[in-house]
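**Student:** Structure, please.
(one chain, ligands or ions: 1)
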Amino acid sequence: MMNSLKFLLLSAISLVSFSTQAQTAVPAKAKGPGTEQVKLKTSAVCDMCKTRLEKAMAYEKGVQAAVLDVPSQVLTVSYRPDKTTPAALRSAVQKTGYDADSQPAEARAYDRLPDCCKKTNAVHTGGE
Ligand SMILES: [Cu+2]
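**Tutor:** Residues are numbered from 1 along each chain as shown. Next up is the predicted model:
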């Protein structure tokens, strides 16, 4: 008797939390898959930068995908607008050691970059 009551209570609780989640997903669903995209101009110069930045962004909250185009230095980030903002993504790029749009890289992170990844270098490919 007590056990079935507990079970009922638990399922009621999980139902409530489930419908709350479903509700927050509704506005995002209304305008497509709930993903927005932002393009950030970075100071990345090579494939090592690409790997470093894409990996760092993958750990950021709300990021679904991040792809850096080395020749144009543009980082395209797909993100959940209910979880993060372009400003937060920009600051994540800065914390990785790269400029984000007009905002400069965080000095300490930039100092830790290998020489080939410094802004003083021109854009180059890792294969050369
Ligand atoms: Cu690099």
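
**Student:** since we're on residue 35, how many residues are nearby?
**Tutor:** 14 (other Cβ atoms under 10 Å). In short, each C-beta sits where N, CA and C put it, glycine included.

**Student:** Which pLDDT value belongs to residue 12?
**Tutor:** With respect to pLDDT, residue 12 scores 60.

**Student:** mind checking the SS state of the residue nearest to residue 114 when sequence neighbours are not counted?
**Tutor:** Distance criterion Cβ to Cβ, 6 or more residues apart in numbering; nearest residue to residue 114, sequence neighbours excluded, is residue 48 at 6.8 Å. Secondary structure state of residue 48, per DSSP: H, G, I helix; E, B strand; the rest coil, is helix.

**Student:** Same question for residue 55.
**Tutor:** What three-state DSSP gives for residue 55 is helix.

**Student:** Contact partners for it?
**Tutor:** Contact analysis of residue 55 by Cβ atoms under 8 Å, 6 or more residues apart in numbering lists nothing.

**Student:** quick one: it from residue 102, how far?
**Tutor:** The spacing between residue 55 and residue 102, counted by Cβ to Cβ, to the nearest Å, is 24 Å.

**Student:** go on, residue 43?
**Tutor:** Distance check for residue 43 against residue 102: by Cβ to Cβ, it reads 11 Å.
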